[in-house]
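Asker: sequence below, structure please.
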Amino acid sequence: MASDETGSMPVRAGRPASETKRKAIVDAAVASFFDRGYAATSIEQVAAVAGVSKVTVYNQFGDKRGLFTAAVEQKCERIRGYFTVPSVPNGTLRERLTEIGKAMVTFLSRPEMVQFERRIAAETELAPAVGATFLAAGPHRMKEAFAALLTSLTQAGDISVDDPELAAEQFAAMCKGMGDLERRFGMARDEQRDTERIDGAVDVFCRAYAIGDSCSK
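Answerer: Take a look at the predicted model:
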């Protein structure tokens, strides 16, 4: 790269170096944790793949658990986007709930996610903190995001929900049905049945919580 007239090297446009390094580290951590599992992943190995020093990883994330948290959060970030109020700006409540249900089931049905949950469950037998970290970084944060959406919809007068977190759990459980359990034990995904579960979940949710014709307008 050529220097400018002062003899100094020009600064490249784009992301700050620290942000670029952080993304590289998290990407490497996601690949390792999801492919190998928690126990088989090391800070040294993640640093090598990311092209950074071990010290950089510790400075950014503190320890292996902090790195694991960031990796799980990245995996779950896309689905949390469906829980923001304007995510389906022109859709009905029924359409919004259907999209959330589809995103949730598709996310949980991905083979790498099924495999990852199996590994985390096995590793939790030896290290309960691993399971607690996964729940806090992934499922619990997604439930909180969905509950926040339900609170907003209640304030807008579309639904009436006294316990948003419980309603979020109910909707997720109905959408997953037995499919989530079946996939963990080796059965192939039945997309038609998943669609029927989601449609049924939306129907039940609307009957229980929707105000007026908010689910059909």
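
Asker: so where's the protein uncertain?
Answerer: Residues of the chain that meet the criterion pLDDT under 70 lie in 1-17, 78-79, 82-90, 217.

Asker: what helices or strands is the helix or strand harbouring Val55 leaning on?
Answerer: Secondary structure assignment for Val55, by DSSP states H and E: helix 54-61. Packing contacts for helix 54-61, counted by 3 or more C-beta pairs under 8 Å, 6 or more residues apart in numbering; DSSP states H and E, involve helix 17-36, helix 43-50, helix 64-80. The C-beta positions use only the backbone N, C-alpha and C, and glycine is treated the same way.

Asker: could you redo those helices as CSV and give each row distance to Ile100 and mean neighbour count?
Answerer: Listed next are the helices and strands packed on helix 54-61 as CSV, based on distance: least, C-beta to C-beta, whole Å; neighbours: other C-beta atoms under 10 Å:
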stretch, distance to Ile100, mean neighbour count
helix 17-36, 23, 17
helix 43-50, 32, 17
helix 64-80, 8, 19
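
Asker: quick revisit: pull out the buried positions in the helix holding Val55.
Answerer: Buried residues in helix 54-61, counted by 16 or more other C-beta atoms under 10 Å: Thr56, Val57, Gln60, Phe61.

Asker: list the contacts for the residue nearest to the first one when sequence neighbours are not counted?
Answerer: In other words, Thr56. Nearest non-adjacent residue to Thr56, counting by C-beta to C-beta, 6 or more residues apart in numbering: Lys21, 6.3 Å away. By C-beta atoms under 8 Å, 6 or more residues apart in numbering, the contact list for Lys21 reads Ala50, Val52, Thr56, Gln60.

Asker: swap in Lys143?
Answerer: Glu165, Ala168, Glu169, Ala172 are the contacts of Lys143 under C-beta under 8 Å, 6+ apart.

Asker: helix, strand or coil for it?
Answerer: helix (DSSP: H, G, I helix; E, B strand; the rest coil).

Asker: how close does the spatially most central residue of the chain get to Met104?
Answerer: Geometric centre of the chain, nearest residue: Cys76, 1.3 Å, by C-alpha atoms, centre = their mean. Using C-beta to C-beta, to the nearest Å, we find Cys76 at a distance of 11 Å from Met104.

Asker: between those two, which contacts overlap?
Answerer: By C-beta under 8 Å, 6+ apart, the residues touching both Cys76 and Met104 are Met142.

Asker: what's the span of stretch 146-162, first residue to last?
Answerer: 14 Å (C-alpha to C-alpha, to the nearest Å).
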